[in-house]
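*Asks:* sequence and computational prediction follow.
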Amino acid sequence: MELLADGVYSGGNPLRDGKNGAGSGLALLMDELAYGVMVTSLENQVLHANQAARNELARRRVLGVRNQLLYSCAPEDGKTLQEALIKAGQGKRSLITLSEPDGFRLTMAVIPLRADDPSAPGKAAFMFARPSVCESLMLCFFARSHGLTATEELVLGILCQGYSAPQAAAQLKVAVSTIRSHVRSLCAKTRSSGVRELVNRVAVLPPVAPTLRHEVMH
């Protein structure tokens, strides 16, 4: 399945209502989200996926798309996926987690989408869990916005995983005093009172992603 240049499936996109319409703007906005968002029919047909979701689908870790149909990469997850879509057809929400043998896990909320016209085909929205703070592109966005160096961003990422300054020093094989120097610089640049406030600020960042590389799925 190929994506058009503007990131819309060739099969149509319910989030667009013309080149300059509100739907077009909404689709563009969805592509700016750091979280994956996808809309499917109740029969597994992918109707729309934002850029973050397309990137995840292209990796084929737990989900993939074949002939415009969504499928789970692990056979044992197929039942979980289908049960969530059945519940969506009944107007019920689900929270599901799919996993791969290597340990990657993706949690998604599956939400029924109700149209104004009761005779219209049902749809379901898949909202992917946010990436962890240390992996999130939002951390990069935060670092660039505050002029952090690459090393400061690396230290911040380690701290956001819950590690202490001594543990960060051990990981980076530097003196604890070096980490503390980076922390002082981080707090000064971000105007934070300490590590706790700094980590909390990163944890609640708006879900905006820097420009993502567009990929084509087959």
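*Replies:* The structure has been received and is ready for your questions. For clarity, every value in this text was computed on a predicted model and none was experimentally measured.
*Asks:* what stretches of this structure score poorly on pLDDT?
*Replies:* 1-24, 131-137, 209-218 (pLDDT under 70).
*Asks:* helices or strands next to the helix ranked longest in it in the packing?
*Replies:* Selection of the longest helix in the chain by residue count, based on DSSP state H, yields helix 176-190. In terms of contacts (3 or more CB pairs under 8 Å, 6 or more residues apart in numbering; DSSP states H and E), helix 176-190 is packed against helix 150-160, helix 165-172, helix 195-203. Just so you know, the C-beta spots here come from the backbone N, C-alpha and C atoms, and that holds for glycine as well.
*Asks:* where do the helices sit along this structure?
*Replies:* For the chain, helices defined by DSSP H occupy the ranges 22-31, 51-59, 78-89, 137-145, 150-160, 165-172, 176-190, 195-203.
*Asks:* with respect to residue 109, which of those helices lies nearest?
*Replies:* helix 78-89 (9.4 Å; CB to CB).
*Asks:* what residues sit buried inside the closest one?
*Replies:* 81, 84-85, 87-89 (16 or more other CB atoms under 10 Å).
*Asks:* dump the residues you listed into TSV; add distance to residue 196 as well.
*Replies:* Output for those, formatted as TSV (distance: CB to CB, whole Å):
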residue	distance to residue 196
81	39
84	37
85	41
87	39
88	39
89	45
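*Asks:* before we move on, the earlier item: out of the helices and strands packed on helix 176-190, nearest to residue 111?
*Replies:* Here helix 195-203 is closest among these (CB to CB), at 23.7 Å.
*Asks:* now do that closest one against helix 137-145, angle only.
*Replies:* Orientation check (axes from the mean of the first three to the mean of the last three CA atoms, to 10 degrees): helix 195-203 against helix 137-145 gives 110 degrees.
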